[in-house]
Structure formats: C-alpha cells, structure tokens
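> Fold the stuff below for me.
(chains A and B)
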Amino acid sequence: MDDNAIHLHVKQWYAWAPGVEDVDQWRRWADGSLMFAIDAVPALPFIKPMLRRRLSQLSKMAVKAAFECLNKESNDFIADRTVFCSRHGELTRTVGLLEALASGDELSPTGFSLSVHNAASGLYSIARGDTAPSVSIAAGRDTLIEGVREAAMLLAESGINTVLVVVADEPLPSYLLQYADEKQGPFALAILLSKADVGKGCSFTALYDQQQDVDSKEPQSLEFIRFMLSGSNSVVMSGARCDWQWQQNVEMQNV
Amino acid sequence: MADLAVEIKQLIIEALDLEDMTIDDINSDEPLFGDGLGLDSIDALELGLALKNKYQITIDAESENTKKHFASVSALVAFISANSEGK
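Numbering: from 1, shown residues only, chains lettered A, B, ... in the order given. Okay, the predicted model is just below:
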C-alpha cells in the first residue's frame, strides 16, 4: 500500500444534474446514452418555501445533493462536519450584481448577502438544523480533491467520524466562458465520508511526476461519479498541478 | 387606492421571490414582518429598494415612522400615496 495515499470510506454519495438525478440515470449518462438537460431546478420539498426562495440555482443544487445524500442514512442524519466546495461559487449572482453596478442601479440586498462563497453552507445549515462546523472551499480544478483532502484531515481528529463533502458548480457566465479550462455544465455531488477502517475503502494519491494533457477536461466530480459507477478498481484523474490516482475496493489493513 | 394595494402586493411577490404566493394570499391589513407574512430584515431592505425604484419615495432608515409605514400593505398604500402626491 502506498504510504502517501489518503484512505477514506465512501459511506454514501448522491449527485444531481438537470435531468440526471438517480443512479440509473447517472449510469446512462456515464455510458453516453443520456445528456444533461438544458435547464431544470432541483426539487426541494424538505425546505420551507420562505427559505427556499433565497436559494440560487447553485445553492439549490448543493442543498439538494447534501440532503439526498444524508437522507440515505436517515432523514435526521447529520455529519460531524461539512465541507462545501465550489470552484466558482455564486458567480451568477456576482455577475448580476456587477451588471447592476455597471448600469448605475442599486444592489439587491438579498443578492449581495447571498453572493458569498459560504451561502450554500449557511442555507444548508439553517434548512437541516445542522450546527456542526462547516468549511467552504474553492480550489480551481482541484476543488473536489481539496474538499476530500480537507475531509480526510477532519476525520483524522478524534471524535469526528463522518464528514459530508458537497461540490457544486454552474457553467461560467458568458463573459467568462473564454477562460474555461474544463467542460462546463451544472452539477452537484455530495459524498458522505468516514474513516477508512469500515467497509469498502477508497484511496487517493498525488502522482507528482505525471500530468495528462487533455484538451477538454471533465470536472473531477464528474470523473469521480464515472469512477464510482464503473466498478473498476483504479482511475487516474487530472488535477491542476498533477494527476491523481483514485482506487476503490482497496484492502484496508494497517490504516 | 385598491389598485395601489394590488400593485404593492405584486411588487412584494416579485421583489422578494415569493414564488408560491399570489396577491390573494396577502391580506392588506396583516403584518408583513414577523407573525403575518413572515418577512425578515433582508426582505425589509429589498422591499425598501423596490418601492424606492418604483415610486421615487425617500425612506429614512433611522426614522421610527419607517417601521409604521412598513407594518402592512395598507400602511404602505397610505405612505406611498401621501409621499408621491404631485410627483
């Protein structure tokens, strides 16, 4: 076993994209027979309308994934920590605010207050009644990897047995599309992680001497979903500075 | 006056993203904040901005009267008709 690898256990995961919401649909997406729909809003029946109206499309996707993933454990399950990740965060709101400034309009107080990077985390915590500490992360193309690494560090603490990692992103606003360096599409992924000594193990390792040169890279979260569904034991996914090897079904000994 | 009440209710629904609500759900004399409609302080700011843009009224955030003007749709109707007269 590689000593540099980080070992975790994926207890549950759930992913949402427009038109791709359950495992069967994700399988069809993975084999190429189903595409993301152009537009769809995630259903959030578990959130009161007065709170729900505050959620942007991004926050709706993130909160949807978080709830559905936790509900697989039980409807009142709460992880010991949460890590909310997004490469671009509430950029759609921010661009809206900048457009308002550019045309001399006053800023929407609601839009301003919810344009922060931890908006999804805050709204989730209110909706779930989850008072556990939460971290919000943006880490470029490595956003999933760094979110999971944060979770691994939290799990190394005693008393922390479960961490929920949520990754959600939207396509870049049109002004910024020219800077895109990976495939654009809305998605949210939630992974409930625990220490590696229970059940099926998963590990990831930085391959510092290796970097794939791919033109149109898929976000790591989507590669992760593909990998989880594939049943294969190992995959190499590209990162910002190096490639990463993910393994699953790893024999967990001496961890 | 009745038309202005309907107009304000429509504005409240649009400005505050009350997507599941219609103008019939808002009672003109019920409190907007807290117990009645259940709006909060961010809604107060958002609604103030929307009213300012639509009716060119000045709202003094420091004034105690502002609270009274924002108490209900009826109070807003009275406030707006008094302040936009002759404009």
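> ok, the nearest residue to residue A:85 once chain neighbours are set aside - how many residues close by?
By the measure of Cβ to Cβ, 6 or more residues apart in numbering or on different chains, the closest residue to residue A:85 outside its immediate chain neighbours is residue A:147, 3.7 Å from it. For glycine as for every other residue, the C-beta is placed from the backbone atoms N, C-alpha and C. Neighbourhood size, residue A:147 [other Cβ atoms under 10 Å in any protein chain shown]: 28.
> Can you name the helix or strand that residue A:147 falls in?
helix A:143-155 (DSSP states H and E).
> ok now that helix, how far from the chain's centre?
11 Å (Cα atoms, centre = their mean, to the nearest Å).
> show me what contacts the residue nearest to residue A:85?
By Cβ atoms under 8 Å, 6 or more residues apart in numbering or on different chains, the contact set of residue A:147 is A:83, A:85, A:137, A:139, A:165, A:166, A:167.
> Can I get the helix holding residue A:147 in PDB? Just the C-alpha atoms.
As requested, the backbone C-alpha atoms of helix A:143-155 are provided in PDB (Å, rounded to 0.1, in the frame of the first residue of the first chain):
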ATOM      1  CA  THR A 143     -11.900  21.600  -5.900                       C
ATOM      2  CA  LEU A 144     -13.100  18.000  -5.400                       C
ATOM      3  CA  ILE A 145      -9.600  16.700  -4.400                       C
ATOM      4  CA  GLU A 146      -9.000  19.500  -1.900                       C
ATOM      5  CA  GLY A 147     -12.500  19.100  -0.400                       C
ATOM      6  CA  VAL A 148     -11.900  15.400   0.100                       C
ATOM      7  CA  ARG A 149      -8.400  16.100   1.500                       C
ATOM      8  CA  GLU A 150     -10.000  18.600   4.000                       C
ATOM      9  CA  ALA A 151     -12.400  15.900   5.000                       C
ATOM     10  CA  ALA A 152      -9.500  13.400   5.500                       C
ATOM     11  CA  MET A 153      -7.800  15.900   7.800                       C
ATOM     12  CA  LEU A 154     -11.000  16.400   9.800                       C
ATOM     13  CA  LEU A 155     -11.500  12.700  10.000                       C
END
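> mind listing the helices for chain B?
Taking DSSP state H, the helices of chain B run over residues B:2-15, B:41-55, B:64-69, B:73-83.
> So what touches the shortest one?
Read it as helix B:64-69. Under Cβ under 8 Å, 6+ apart, the answer for helix B:64-69 is B:59, B:60, B:75, B:76, B:78, B:79.
> Go again with 7 Å.
Contacts to helix B:64-69, defined as Cβ atoms under 7 Å, 6 or more residues apart in numbering or on different chains, come from residues B:59, B:60, B:75, B:76, B:79.
> What about those residues, which one has the most neighbours?
residue B:76 (24 neighbours).
> low pLDDT regions in chain A?
A:1-3, A:197-200, A:212-216, A:250-255 (pLDDT under 70).
> Give me the most central residue, it.
The centre of chain A sits closest to residue A:167, judged by Cα atoms, centre = their mean, with a distance of 1.3 Å.
> what about that one, which helix or strand?
strand A:162-169.
> residue contacts, residue A:219?
A:169, A:182, A:183.
> Tell me the spacing between it and residue A:86.
11 Å (Cβ to Cβ, to the nearest Å).
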